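1. mind looking at a prediction? Sequence and model below.
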Amino acid sequence: MKNPRFNTHEVKRVCETKLGMVFRSGAEFNGWFRLEGKKVARVTIPYGRKQIPPKTYKSMAKQLKLDVNEFDDLLACPLDLKDYQKILKNQLTEEFSPDNEKMVQLREK
Amino acid sequence: MNSPNRETNYFAKESETTGGRDIAFVITSDSSPKSAWKMRPGIDSEAATRPIINSISPKESNTLIYDVAFEQKMAHLEQRLEKLDKNQFVSFQIQRLPHFNLSVPINVIIDSDEDSFLATAHDLDLFGAGDSPVEALDNLKTEIESLIRDLSEHDELSQEFKRIKTFIEGCLSSNEESTL
């Protein structure tokens, strides 16, 4: 884990520029990530922490449905929006496979 | 611990000058005391080595006798306590939010995170960070309220967030269910 390199501002900036997330400020910054129009991940970025402590960093990764190494990659560059979408789709297979999407819609009706 | 006798190197009495909160340690190389150290219970190890009294008669002490290695043992114990503090977590239940009443409490784990603290509600995948456990918990409460408001917007949600929305609806008092 390389997290001492990253601070809250960098994480916020990467989420905004790479993932197109829009943050709203409250007690902390909150942003949603939408996949095919659905809100699928909500991340919290604490204010004013120069270097993110490890457990907070892990919690932020978990909110984005990434493991710590994937989160490192997202922040350090190799992981781009398409890779992130692919990871989410793999994790949410049931919800985002074309066949199951119809099933979910039928179930909801 | 040794029994009281003249050969014992260390003995201590509760300090009368500090209302009994501190302990004065008196070192003797023979039967007469040489100097005393002030020590706060817990973590003030620097104070433990600071002489405050230069001479105390054994008769003035309350004859709580410690063995020679007492100071070393205390230092070791303090180190262990410090480590224990850093690895400890506390489970807690939020019974009420600043602007919402809960009929079912929300489980929270408060954990240290290097020099700060992290309060996590695993059921909601939410956390609050702060410099103290109270600040972390307050931030988590604000986060939960923020999530409640977010989920009340009529956006399409993933299955996971639909489950979280149902969970929160179940936690809110009946008169506030209409919020979501």
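-> Received the coordinates, thanks. Just so you know, these numbers come straight off a predicted model, no measurement behind them. Numbering: from 1, shown residues only, chains lettered A, B, ... in the order given.
2. just the mean pLDDT for the host helix or strand of residue A:31, thanks.
-> In this structure, residue A:31 sits in strand A:29-35 according to DSSP states H and E. For strand A:29-35, the mean per-residue pLDDT is 90.
3. just the CA trace of whichever helix or strand comes after that strand, in PDB.
-> Remark: after strand A:29-35, the chain's next helix or strand is strand A:38-45, criterion DSSP H and E. Taking Å, rounded to 0.1, in the frame of the first residue of the first chain, the C-alpha atoms of strand A:38-45 are listed here in PDB:
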ATOM      1  CA  LYS A  38     -27.300   4.000 -11.500                       C
ATOM      2  CA  LYS A  39     -25.800   5.300  -8.300                       C
ATOM      3  CA  VAL A  40     -23.500   2.400  -7.400                       C
ATOM      4  CA  ALA A  41     -20.800   3.800  -5.100                       C
ATOM      5  CA  ARG A  42     -20.700   6.700  -2.600                       C
ATOM      6  CA  VAL A  43     -17.300   7.800  -1.300                       C
ATOM      7  CA  THR A  44     -16.600  10.000   1.700                       C
ATOM      8  CA  ILE A  45     -13.400  12.100   1.800                       C
END
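4. strand A:38-45 packs against which elements?
-> When contacts are defined as 3 or more C-beta pairs under 8 Å, 6 or more residues apart in numbering or on different chains; DSSP states H and E, strand A:38-45 sits against helix A:8-19, strand A:29-35, helix A:54-63, strand B:126-130, helix B:133-152, helix B:159-171. Quick note: C-beta positions are derived from backbone N, CA and C, even for glycine.
5. try it again at 7 Å.
-> helix A:8-19, strand A:29-35, helix A:54-63 (3 or more C-beta pairs under 7 Å, 6 or more residues apart in numbering or on different chains; DSSP states H and E).
6. closest to chain B out of these?
-> For the helices and strands packed on strand A:38-45, proximity to chain B was assessed by C-beta to the nearest C-beta; helix A:54-63 is nearest, at 4.0 Å.
7. and the helix or strand following that closest one, anywhere near chain B?
-> Counting by DSSP H and E, the element after helix A:54-63 in chain order, helix or strand, is helix A:68-76. No: applying C-beta under 7 Å from any C-beta of the partner chain, one finds helix A:68-76 out of contact with chain B, separated by at least 14.0 Å.
8. quick one, helix A:68-76 and helix A:8-19 angle?
-> Here the directions of helix A:68-76 and helix A:8-19 differ by 80 degrees (axes from the mean of the first three to the mean of the last three C-alpha atoms, to 10 degrees).
9. how about helix A:68-76: buried residues?
-> Buried residues in helix A:68-76, defined by neighbour count with 16 or more other C-beta atoms under 10 Å in any protein chain shown: A:68, A:70, A:71, A:72, A:73, A:74, A:75.
10. how about stretch B:129-139, does it reach chain A?
-> Yes: for stretch B:129-139, a contact with chain A is found by C-beta under 7 Å from any C-beta, at B:129, B:139.
11. where does pLDDT dip in chain A?
-> Across chain A, the ranges flagged by pLDDT under 70 are A:1-5, A:49, A:94, A:98-109.
12. got the residues of chain A near chain B?
-> Close to chain B, as judged by C-beta under 7 Å from any C-beta, chain A has residues A:26-28, A:30, A:37-40, A:44, A:46, A:49, A:53-56, A:59, A:62-63, A:92, A:95.
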